[in-house]
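# Have a look at this prediction, sequence included:
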Amino acid sequence: MKTDAVGRVEVGGVNQNVTVALGAPSLTFYDAYLDTSTSGDNLVITNTTSGTAITVHGYAISCGSTATDVYFKSTTGTQETHTMQFGANGGTVEPRSIIPCFSCPTGESLYVNLSDSNAVNVSIYYRIV
């Protein structure tokens, strides 16, 4: 456990990172990872809690040796991000933030869609709200 200069305590775990700010409500964040080479929709996070939504607060994508288009979508097919076009060995990082990048509709899971059967690694930093 470590404390920063203003008294915030950070506790880390294998699949969960929790930051508690003294005097403020605590927020629980999770990490999800997916390594895939399957074109089309690939399940990243299953939402199993009724009445909740997945909010993504950061992500990283890295692609293998083939140009690939990638986007995030929800269960019903709603595209949650624009289509990101990566050249061979390309990628991007949306840094972790308290402000969400995007959210899935209530009750829906998060998928990543690949245009090609190329090795793609996805890392998601998210909350269930």
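Structure's in. What do you need? Numbers count the residues shown, from 1 in each chain.
# from here on, contacts and neighbour counts on C-alpha atoms
Noted.
# Please pull out the lowest mean pLDDT helix or strand from this protein.
Across the helices and strands of the chain, the lowest-confidence element by mean pLDDT, DSSP states H and E is strand 9-12, at a mean of 42.
# Could I get the full set of strands for the chain?
Using DSSP state E, the strands assigned to the chain run over residues 2-3, 9-12, 16-20, 27-36, 40-45, 54-63, 68-74, 84-86, 91-94, 102-103, 110-114, 120-128.
# least reliable of those going by mean pLDDT?
Mean pLDDT is lowest for strand 9-12 among the strands of the chain, at a mean of 42.
# on that earlier part again, as a markdown table, the strands of the chain with mean neighbour count would be great.
Below are these laid out as a markdown table (neighbours: other C-alpha atoms under 10 Å):
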| stretch | mean neighbour count |
| --- | --- |
| strand 2-3 | 10 |
| strand 9-12 | 13 |
| strand 16-20 | 15 |
| strand 27-36 | 16 |
| strand 40-45 | 17 |
| strand 54-63 | 21 |
| strand 68-74 | 22 |
| strand 84-86 | 15 |
| strand 91-94 | 14 |
| strand 102-103 | 18 |
| strand 110-114 | 23 |
| strand 120-128 | 20 |
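# ok, Thr48 - how many residues close by?
11 (other C-alpha atoms under 10 Å).
# Name the residues that touch stretch 32-42?
For stretch 32-42, the surrounding residues in contact (C-alpha atoms under 8 Å, 6 or more residues apart in numbering) are 15, 44-45, 111-126.
# For that stretch, measure first residue to last.
13 Å (C-alpha to C-alpha, to the nearest Å).
# and Gly51, backbone torsions?
phi 80, psi 10 (degrees, to the nearest 10).
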